[in-house]
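Participant: Here is a sequence with its predicted model. Questions after.
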Amino acid sequence: MSRTITYAEAICEAQRDALRSDPSVILFGENVAAPWRPATKGLKDEFGKERVRDAPITETAFIGAGVGAAIMGIKPIVELMLIDFGLVAMDQILNQMAKTTYMTGGNVNVPMVLRAIYGARGGGAATHSECLYGIYAHMPGMKVVVPSNPYDAKGLLTTAINDPNPVVFFEHIRLSNMEGEVPEESYSIPFGVANTLREGTDVTVVAVGRMVQEALKAADELKGKISVEVIDPRTLVPLDEEAILRSVQKTGRLVVVDEDYERCGFSAEVAAVVAEKGFHNLKAPVARVANPNVPLPFNKTLENHVLPDAEKIVRAIKNVVK
Amino acid sequence: MSRTITYAEAICEAQRDALRSDPSVILFGENVAAPWRPATKGLKDEFGKERVRDAPITETAFIGAGVGAAIMGIKPIVELMLIDFGLVAMDQILNQMAKTTYMTGGNVNVPMVLRAIYGARGGGAATHSECLYGIYAHMPGMKVVVPSNPYDAKGLLTTAINDPNPVVFFEHIRLSNMEGEVPEESYSIPFGVANTLREGTDVTVVAVGRMVQEALKAADELKGKISVEVIDPRTLVPLDEEAILRSVQKTGRLVVVDEDYERCGFSAEVAAVVAEKGFHNLKAPVARVANPNVPLPFNKTLENHVLPDAEKIVRAIKNVVK
Amino acid sequence: MKLGDDKRLDLYRVMVRIRTFENGVRQLINDGKVGYVSFYTGGEAVAAAVSAHLVKEDQIGSTHRPLGHLIAKGADLKRMMAEIAGKATGTNKGKGGAYHIFDKEVGALGANGIVGGSVPMAAGYALANQLKDTDNVSISYFGEGASNQGGVQETLNLAACWKLPMVFVCENSSPEEQTMLGHKIDYPQLSITDISQRAPAYGMPGESHPGWDVEEVYKIAGEAIQRARRGEGPTLLEFKIHRLNADEDSPHCPIKCYRDKLMMDGVLSKELDDKIRSEEAAKVKEAMDFAVGSPEPELVDAYSDIFVEGA
Amino acid sequence: MKLGDDKRLDLYRVMVRIRTFENGVRQLINDGKVGYVSFYTGGEAVAAAVSAHLVKEDQIGSTHRPLGHLIAKGADLKRMMAEIAGKATGTNKGKGGAYHIFDKEVGALGANGIVGGSVPMAAGYALANQLKDTDNVSISYFGEGASNQGGVQETLNLAACWKLPMVFVCENSSPEEQTMLGHKIDYPQLSITDISQRAPAYGMPGESHPGWDVEEVYKIAGEAIQRARRGEGPTLLEFKIHRLNADEDSPHCPIKCYRDKLMMDGVLSKELDDKIRSEEAAKVKEAMDFAVGSPEPELVDAYSDIFVEGA
Ligand SMILES: Cc1ncc(C[n+]2csc(CCOP(=O)(O)OP(=O)(O)O)c2C)c(N)n1
Ligand SMILES: Cc1ncc(C[n+]2csc(CCOP(=O)(O)OP(=O)(O)O)c2C)c(N)n1
Ligand SMILES: [Mg+2]
Ligand SMILES: [Mg+2]
């Protein structure tokens, strides 16, 4: 019954399902029709070059065209080759895509998905390695999805495509080949519902994307010594605050793990939410294990040095559970 | 002895001083030579159109030209008409201006100041009202300055122009006409040194920019009932964590006030820092009084409804001091 | 091409409507009921003539001076005026203001507070029309200042590469000496005289014409729009205009020019002109009363429409 | 213009140096000592010929395929190779990698990981030269794919309006059928045949030429650079090239073309060619040894250079 595919294949499959079942779904971006790109492989052949469309290197124009098409009732999936490149198009993303619904008082809405690869790859340096979802989550109007495994990737992307609101979908470069069981049929995972991957009683660890794997490794390493609860919110916006607060109520301790820059990032947000709403349950300082505000260095040793990993998470956990 | 000028005049004066004393300082941006703009008034007449230069509406090109000129040892002050418009140029700002120093291992540096008006004005709506310094502070490599009064504006801008690193300088539209005593001679205020505007023992209120006025109003209102310490960090990067932590050590309570969007913003960062490093001194939950993640509405009543103000600060203070 | 009398009077009436509406806004500003608005005055011939070729199922993307474009496209006057006054009955429920007016019903999609911001979106409207296999088109309005924005130039290329059914309409408001927002700039922002000189850079046709002669605009715009409808791709048009004050007497005033012409041609009489003007004034008055009399949004409305419901 | 033998041999030598260096990088990749690099192979005539007109006080802004541009501009081979290998002795202390190499000493400012990202910065170099009242110039390299980026098009306009002393050099790597990163794209990214057709859009001169004949590039680039030095403003040049593999035998290989020509002209003998090649190979070998033998950065270096000291 069970079938194993990769994270990238799961993403491809969600798009294939949507393109098959809904003629208003289209996909475009740079080289989306190139046969070797795993997350869009075969889609051009099946759906044609009009619906799976190569775009010039003009992120502002084609992301904006996605916004416009979405306003017209098309459901565009727009691919950014890497999230770092989105900085050339932030007006279309943060002013137009995210805020047009509100600014027009709902006169129009924007059912669009912006997909992007993100994350440190080992030697990508600071223009090919970032997360930056902190920036996208900062702007009201944008839903922000950061899947940590193939099953979630497919289910969350299906939800994203069906959502009548703008969604940014973050695909970690180093999860691309991660294998996992994924049903063949289409399914959705609701936004704003965290996934508790390990139950525990001593400390709550919150992580998204690739960092979920590191958090799980840390939990395994501490097994028998410290009981670690690992929570993957899956979506930063909307955020399942309740799940986090419920867990902290039980454990009394919080470690937030984040590959993104620490300052004014997702790790700050989770820490702040708990300091506001879960304070009376906290038995120890909150801890953040995030990129310590260092642009990603090219050298891999340095890169690993600044990236969160299981070892640093273990250290942080031991620090708060003592 | 004492002389009173406005916030905008103070900003103009810091630029005039720099243009006079250092031939490598230049200023450009859209309409910087227009005679009616208070923060650059008279500068074109004194220094000529080459050094005070009108630019086409091409923020990417001219901010990038600022980065390039800075690498060459020029000290450009580049004006963005409004911070909201910076979204069209985020690659030059966040990839190139902020990170080139690090990515080149210090082979080059970028002594540039990006000045921008920010903030809610009363009916500006969501493309003419934002703060967004949370985004700028998220990216390592950028110093972020948000002055709250004329004296600080002049001293901090002088420091910014002399700093060999990239600096974004936020000028609140509604502080433009604020008057204050400002020395005629040039002076600098160091970055990363908070200003304690009111001493108090019951609660620490942290605010920047226009929100400092609201925090002071709240403190006045509570006078005799609750003793409020008001801290203005003045720079978000570098952040004077020590001053904040020292104050919380004394008061045991923290309210962070921020005009920017709450999620993944400056208010989250300050809350997180205290939850991490000042936890044992906290007697009550941390509170944030920020924009509740609503794009600024055009209607002024709604706008005021979502903006932090003295009343909301008072309520938040009473909530944590009870 | 000879225009019929009705068509000519329609063009005239739309221009009068735009001017009258903007003067109504000016009055509300004087009355302290409206804040700041960027006026379109002087460009009326462009909006009126372009939209005379459009149907409801065509779209426009507009600018920070959107009132003329929106009105010509048929946006609801009452709800527009209410929006400008920040009322709950506005097109945007009072949350967008003049800079962000959208009226989806009639394809007025829409104003934009970011210079050049609507241009990529207008390409998206055209893309949707193309994918739906209709012969509908979109119009992308922008100023000569906006013409330099990266996103605008990128979109010209995208539209050409994807053969999008759209027309780029640049309203050049400083055809003689270069200005920006009324400031005579010291350094030029353009090193060409005609924005249409950019068309060959994208392999698309382009033309530049005066923008105060509504019939000339009508003719030129019509050709480009028909071309787009036939699936032959985008065109870049530039119309030179002069921004005017409320009732400025100027040889570049499109309304005055056309009134004189129609009177000369015997199509418009003093009486008919009075009738048209008073009818339009009545509509605008009605819109003003509606706006002034409408309720403010409820405070809870601040929190709605960040996301829409459903999935 | 007749080039002297020395000049011709210099041009040849620089091209050989670039190719040899890139082959050295390929070897380090095979050896597992270097990760991914975007190669310049095939463009050597452009970099060599353009930089033959430049002095140390001129600047270049480069791309994601920067090695040829940087080498031709005189960047230090050893420190470049060390950077590519992520070593502490690299131009960027191992923190930037090939995509971000800068060597300020020689005006190689610099590689860029963002398509089109260096173009506005190159305008800034030109602005600095203009303000300092020198006759120095900057060169802005970019690809035909990058030519569409908003920032690139904005900068063409800015350079024209400010009469910046710079030359835009577009290397069009798919002059026949349009490709992106090796993928034959289904929809075109360009609707013109020559990027220089964009020059009139900014009122600047522009020309398109083959980019594999180093002497032709030398002549064309020289004129544009002299024009910039004289304060007459920017030029947009396009050179058509073909990306090649390591030692691909192609009629578009600029090195092979020139070798044949120089031999035909009797300027280059088999012996001299061997000598040049082995001298360059020795330099590259030295760079490789330096890179491989250099230490990794210290962990604490991760935290330095976010900000520089002093005020
Ligand atoms: C990206 C951006 N930059 C700057 C502005 C500020 N601004 C608003 S209108 C304007 C001038 C626009 O000129 P043009 O496009 O010619 O339109 P016009 O006002 O002349 O009709 C400027 C600079 C903005 N709204 N957006
Ligand atoms: C803004 C941005 N978008 C996309 C990319 C990914 N990317 C890197 S190189 C490249 C192709 C560039 O084509 P061209 O400019 O012609 O240069 P070539 O590789 O052909 O030399 C792309 C799409 C990027 N680095 N930056
Ligand atoms: Mg104009
Ligand atoms: Mg190319």
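Facilitator: Arrived safely, thanks for sending. Numbers count the residues shown, from 1 in each chain, chains lettered A, B, ... in the order given. Ligands and ions are numbered 1, 2, ... in the order given.
Participant: Just give me the residue closest to the centre of the chain.
Facilitator: Using chain A here. What sits nearest the mean C-alpha location of chain A, by C-alpha atoms, centre = their mean, is A:Val146, with 1.4 Å.
Participant: my question was about chain C
Facilitator: C:His69 (2.0 Å).
Participant: Next, see if the one helix or strand A:Leu236 maps to gets close to chain C.
Facilitator: Using DSSP states H and E, A:Leu236 falls within strand A:235-237. No: with C-beta under 8 Å from any C-beta of the partner chain as the criterion, chain C is not reached by strand A:235-237; the gap is at least 9.2 Å. From N, CA and C alone the C-beta is placed, and that goes for glycine too.
Participant: Quick one: distance of that strand to the chain centre.
Facilitator: 8 Å (C-alpha atoms, centre = their mean, to the nearest Å).
Participant: Around ligand 1, which positions in the stretch 151-300 of chain C sit nearby?
Facilitator: The stretch 151-300 of chain C comes close to ligand 1 at residues C:173, C:180-181, as judged by C-beta under 6 Å from any ligand atom.
Participant: Going through those, which ones are buried?
Facilitator: Among these, those classed as buried by 16 or more other C-beta atoms under 10 Å in any protein chain shown are C:173, C:180.
Participant: what about the residue of the stretch 201-311 of chain C found nearest chain B, distance to ligand 3?
Facilitator: In the stretch 201-311 of chain C, the residue that lies nearest chain B is C:Ala302 (4.4 Å; C-beta to the nearest C-beta). C:Ala302 is 34 Å from ligand 3, where distance means C-beta to the ion, to the nearest Å.
Participant: Please name the nearest non-neighbouring residue to that residue.
Facilitator: With C-beta to C-beta, 6 or more residues apart in numbering or on different chains as the criterion, C:Ala302 has its nearest non-adjacent residue at 4.4 Å, and that residue is B:Leu302.
Participant: That neighbour looks like it's in a strand, true?
Facilitator: No: applying DSSP: H, G, I helix; E, B strand; the rest coil, one finds B:Leu302 to be helix, outside a strand.
Participant: Nearest to ligand 3 within chain A, name that residue for me.
Facilitator: Of all residues in chain A, A:Asp91 sits closest to ligand 3, at 19.2 Å by C-beta to the ion.
Participant: how many other residues sit next to C:Asp289?
Facilitator: By the measure other C-beta atoms under 10 Å in any protein chain shown, the count of residues near C:Asp289 is 12.
Participant: can you tell me which residues contact C:Gly211?
Facilitator: By C-beta atoms under 8 Å, 6 or more residues apart in numbering or on different chains, the contact list for C:Gly211 reads C:43, C:45-46, C:171-172, C:217, C:239-241, C:254.
Participant: of those residues, closest to A:Gly29?
Facilitator: C:Glu171 (32.0 Å; C-beta to C-beta).
Participant: Surely the closest one forms part of a helix?
Facilitator: No: in this structure, C:Glu171 is strand, not part of a helix, as judged by three-state DSSP.
Participant: is it true that it touches C:Ile241?
Facilitator: Yes: C:Glu171 is within contact range of C:Ile241, at 5.3 Å (criterion: C-beta atoms under 8 Å).
Participant: Common neighbours of those two, please.
Facilitator: C:43, C:46, C:211.
Participant: Inside helices: which ones of these?
Facilitator: When the shared contacts of C:Glu171 and C:Ile241 are checked against helices (DSSP state H), the matches are C:Val46.
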